[in-house]
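**Q** starting from these lines, generate the structure:
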Amino acid sequence: MSGLLQSIIKKHAVFLASLGISCAAAGLFLFSGVISFWETNLYDICVKNRVNYGKEEQNPIIVNVDLDDASLELLGSRVDTRQAFADALEVLRNTNTSLVLDFQFRFEKDNDAAFVQAMQNTWEPVLAVLAVDKDITGLPYNDLNESEKLLLDKHLWRIKVKNLGEIPVARTFLLPFSALADALEAAEGQLAHINVEPDADGIYRRLPLLYRWDDGFIPSLPLAAAVIRWGFPLDSIELNAGHYLTLYFSEEEKINIPIDEGGYMLIPYTSTWMGSKRHSLHKIVEAKEDKEIFTEILNDFTNHIALIAEISTDQKDFGPTPFERLFPLSGIHASVLSSILNGFDERAFISMPSRSYKFLVILLVLIASFFCISTRQDIKFNIGFLSILLAFTGITLYRWFSAAIAPWYAIAATLLFFLWLSAFLFRLVARYREQELLKNALSRYFPTALAARIIREGKTELIPAYKELTILFSDISGFTKWSSDKSSEQVHNFLNDYLESMAGILFSHGGTVDKFMGDGILAFFGDPFDMSDHTERCIRAALAMQEKIKSLAEKWKDVVDIDLKVRVGINTGKVIVGNLGSKTRIEYTVIGAAVNLAQRMESNAPLGGILVTAAVREKVKDIFFFGDKRGVAVKGYDENIEAYEVKGSE
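**A** Here you go, the predicted model:
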């Protein structure tokens, strides 16, 4: 089993190494916060696109009523005495409008009677409270007294809990003053929290739907307003943290609100601040006395939901969103309320990708990357990775535009990038090693510079061709007899020195060493790159070889007792040159009659001499000196072959 495992590891070493490097790099990016930064920026781009270009709109039954700077100036003290709120509630009650007040009326004032009475005369209003998280300490917030606990208990939601998760727990609440709370109870209203906190970068992207208290939950302002509007019974609501908060009409009809483990939902923004339906509070107050204004606003409010909030510059109840730097936080409640009211539309909410989807994406990325890394062709390798990235990008965008599923992209894309990069670098190293091996192999045939040129110009296939070359054979006279009584070490040392010296001379003149045949050498000039002077180069190399042999003879005479004499034969003519052989063994060589004739020249050459054919002499007769013509009998030829001994150069 261990042998099988070792075989698998060896076979897929590049993939496993790339995977290890990629996981380490992606983990580093993840823990450094880079992944989170990319992810949130991509998410913000998607939300901005949704708001500016998407088809989603705020539910038309929601009307924003703003206590803005103009209303503060026109209403004056009536805001401070809360008479303005009493008048607004009375006007809206006459339009059969549902009331949602994003205000905290914590302390009682002398002139609150009209406001309390107006609250009592409304139907199922929603009033804001502020939850103080149990983890927040050191702030001057008092714990609730018994009467406040009793009040809060009446507004708790006791719903079905499938998975509690990490729903935030409240230490205390900032509640309305007691008379207003009593009026709210008489109106069968609901207390709801208005907590909304920005992410670490200060941008508002999420909202907690529930806060835990005792054995129940206080809902968020928009959730409470939507449940009252739809008429959901509380015992039909089910909490499954990490998945959904489900509002059931029936098993077939239900609204699934996507939430994380903390019960937070992604805020499904649909419009800019000024892009939603808005009215100033003073207009509503003026409608109490002005029938014309009342008639004007009647159509905008009848059977609607009025979300009343302060957005004055003094209040500073603003924050940055993915699409606007200043956005009223009441607009967040309006966006969430709108999404729940539109909950039967699958794009009403921004869903979070499931764990199973994330696992599947990572698995598919690894599988696809494995096949890309396994391919030997670079173009398939690169196109494969590019295709994976484009496919993953397309799927991510499709899920966003078709079902409003938040993009989960950065970690998988980072992993994919580092898989490609590490595998690419491994391939570069492998290519470098292959080139070095090839260069070393070619250096056995060619000069180092020529071998590098072959690799650089991509002539490594050395396809067989029919061309004119100059062929050289050399052989040591009496070598077989001499070596018969010598030790293998002596023969090996001498022959290595001799062949290395001869190959160096051939290489220095641009020749190619075809093969060593014991003490014999076959070389040629004119391939793999064309040489117009290949015959001249060959003869100069042969003369240099004979000159070098003189010094080698002196060096080895006393060591191994050899009388070093070498015959050299040269011919020029048309031959087949290139990689020749079978599937299992291939050799870069030359074949043809011209090769055989060069060998015959060598066997008939004088000791220490260079014998060439007439074809060779004809090409270089103006450059070198030659001896008298002589005839050489060659098997296969009817007449003797004309040959000449090279005597030197001009």
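
**Q** going by C-alpha atoms from here, please, whenever you check contacts or count neighbours.
**A** Will do.

**Q** which residues touch the nearest residue to residue 259 once chain neighbours are set aside?
**A** Excluding the flanking residues, the one nearest residue 259 by CA to CA, 6 or more residues apart in numbering is residue 265, at 4.6 Å. Contacts for residue 265 (CA atoms under 8 Å, 6 or more residues apart in numbering) come out as 206-209, 257-259, 350.

**Q** out of these, which is most surrounded?
**A** Ranked by the number of neighbours (other CA atoms under 10 Å), the contacts of residue 265 place residue 209 first, at 28 neighbours.

**Q** before we move on, back to that, is the residue nearest to residue 259 in a helix, a strand, or coil?
**A** Recorded secondary structure, residue 265: strand (DSSP: H, G, I helix; E, B strand; the rest coil).

**Q** partners of it in the sheet?
**A** Note on residue 265: beta-bridge partners by DSSP bridges are residue 207.

**Q** and it, how far from residue 239?
**A** Applying CA to CA, to the nearest Å, the value for residue 265 to residue 239 is 13 Å.

**Q** same thing with residue 409?
**A** Distance from residue 409 to residue 239, by CA to CA: 28 Å.

**Q** then residue 263?
**A** In terms of CA to CA, residue 263 sits 9 Å off from residue 239.

**Q** are there residues contacting both of these two? Which ones?
**A** Taking CA under 8 Å, 6+ apart as the contact rule, residue 263 and residue 239 both touch residue 245.

**Q** between the two, tell me which one has more neighbours.
**A** More neighbours surround residue 263 than the other of residue 263 and residue 239, with 26 against 21 (other CA under 10 Å).

**Q** which element is the nearest residue to residue 19 once chain neighbours are set aside on?
**A** In this structure, residue 19 finds its nearest non-sequential neighbour in residue 419, 6.2 Å apart by CA to CA, 6+ apart. Here residue 419, judged by DSSP states H and E, is contained in helix 410-443.

**Q** any idea of the mean pLDDT for that helix?
**A** On average, the pLDDT along helix 410-443 is 81.

**Q** over to stretch 193-202?
**A** Here the average pLDDT along stretch 193-202 is 93.

**Q** now the end-to-end length of that stretch.
**A** Stretch 193-202 has an end-to-end distance of 20 Å (criterion: CA to CA).

**Q** list the buried ones in it?
**A** Neighbour-count burial for stretch 193-202 flags 193-196 (criterion: 16 or more other CA atoms under 10 Å).

**Q** what of stretch 324-341?
**A** Here stretch 324-341 shows 327-341 as buried, counting by 16+ other CA under 10 Å.

**Q** starting at the chain centroid, how far to that stretch?
**A** 33 Å (CA atoms, centre = their mean, to the nearest Å).

**Q** and what of stretch 598-616?
**A** 67 Å.

**Q** hmm, who's touching it?
**A** Contacts of stretch 598-616 (CA under 8 Å, 6+ apart): 471-475, 477, 535, 542-543, 546, 565-573, 632, 634, 641-646.

**Q** mind checking the end-to-end distance for it?
**A** Taking CA to CA, stretch 598-616 runs 10 Å from one end to the other.

**Q** can we start the residue count at 653 from this point?
**A** Happy to do that; since the first residue is 653 now, the last one works out to stretch 1250-1268.

**Q** give me the buried positions along it.
**A** 1250-1268.

**Q** again, but for stretch 701-711
**A** So for stretch 701-711, counting by 16+ other CA under 10 Å, buried means 702-703, 708-711.

**Q** lowest-confidence one in those?
**A** Lowest pLDDT among these: residue 708, 81.

**Q** name the nearest residue to that one, ignoring sequence neighbours.
**A** residue 922 (5.7 Å).

**Q** check the burial of the one you found by counting its neighbours.
**A** Counted with other CA under 10 Å, residue 922 comes out at 28.

**Q** that one falls within a strand, correct?
**A** No: counting by three-state DSSP, one finds residue 922 to be coil, located in no strand.

**Q** that one: what's it in contact with?
**A** Here residue 922 is in contact with 702-703, 706, 708-710, 987 (CA under 8 Å, 6+ apart).

**Q** could you chop the chain up by domain?
**A** 654-690+1005-1073, 709-785+801-808+820-883+923-993, 1110-1301 (automatic domain parsing).

**Q** where does the prediction get shaky in the stretch 1003-1152 of the chain?
**A** The model of the stretch 1003-1152 of the chain has pLDDT under 70 over residues 1086-1114.

**Q** which parts of it are helices?
**A** Along the stretch 1003-1152 of the chain, counting by DSSP state H, counting those that start in this stretch, helices occupy 1007-1026, 1030-1055, 1062-1095, 1100-1108, 1131-1135, 1140-1160.

**Q** would a markdown table of the ones you listed with mean neighbour count and distance to residue 785 be doable?
**A** A markdown table is the format used below for the helices of the stretch 1003-1152 of the chain (neighbours: other CA atoms under 10 Å; distance: least, CA to CA, whole Å):
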| stretch | mean neighbour count | distance to residue 785 |
| --- | --- | --- |
| helix 1007-1026 | 16 | 28 |
| helix 1030-1055 | 15 | 33 |
| helix 1062-1095 | 17 | 32 |
| helix 1100-1108 | 17 | 70 |
| helix 1131-1135 | 13 | 98 |
| helix 1140-1160 | 16 | 85 |
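
**Q** now those helices in CSV, with distance to residue 947?
**A** Below are those laid out as CSV (distance: least, CA to CA, whole Å):
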stretch, distance to residue 947
helix 1007-1026, 53
helix 1030-1055, 40
helix 1062-1095, 53
helix 1100-1108, 87
helix 1131-1135, 124
helix 1140-1160, 105
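
**Q** relative to residue 951, which of those is closest?
**A** helix 1030-1055 (33.1 Å; CA to CA).

**Q** heading C-terminal from the lowest-mean-pLDDT helix or strand in the chain, find the next helix or strand.
**A** Lowest on mean pLDDT, DSSP states H and E among the helices and strands of the chain sits helix 654-663, with a mean of 52. For helix 654-663, the following helix or strand on the C-terminal side (DSSP H and E) is helix 665-684.

**Q** and the angle from that following helix to helix 1007-1026?
**A** 140 degrees (axes from the mean of the first three to the mean of the last three CA atoms, to 10 degrees).

**Q** buried residues, the next helix-or-strand element following helix 665-684. List them.
**A** Helices and strands here follow DSSP H and E; after helix 665-684, the next one along the chain is helix 686-705. By neighbour count on 16+ other CA under 10 Å, the buried set for helix 686-705 is 687, 691-692, 694-696, 698-700, 702-703.

**Q** middle-most residue in this structure, spatially?
**A** residue 1065 (2.6 Å; CA atoms, centre = their mean).

**Q** follow-up on the earlier one: which ones among the buried residues of stretch 976-993 map onto helices?
**A** 981-993 (DSSP state H).

**Q** ok, how many other residues are close to residue 671?
**A** Residue 671: 22 surrounding residues under other CA under 10 Å.

**Q** then residue 728?
**A** 12.

**Q** can you check residue 670 too?
**A** Residue 670 sits with 23 neighbouring residues when counted by other CA under 10 Å.

**Q** also residue 1245?
**A** 13.

**Q** pretty sure it sits against residue 1227.
**A** Yes: Residue 1245 lies in contact with residue 1227 (CA atoms under 8 Å); the separation is 7.4 Å.

**Q** quick one: low-confidence residue ranges for the stretch 803-952 of the chain.
**A** Where the stretch 803-952 of the chain drops to pLDDT under 70, the residues are 927.

**Q** contacts for stretch 906-913, please.
**A** Here stretch 906-913 has contacts from 817-819, 893-900, 917-918, 992, 995-996, 1001-1004, using CA under 8 Å, 6+ apart.

**Q** related to what we said a few turns ago, how much space separates the residue nearest to residue 708 from residue 1005?
**A** For residue 922, the distance to residue 1005 - CA to CA - is 20 Å.

**Q** same check on residue 1014?
**A** On the measure of CA to CA, residue 1014 and residue 1005 end up 13 Å apart.

**Q** go on, residue 1182?
**A** According to CA to CA, residue 1182 stands 64 Å off from residue 1005.

**Q** more crowded one of the two?
**A** Using other CA under 10 Å as the criterion, residue 1182 and residue 1005 rank with residue 1005 on top: 15 against 12.
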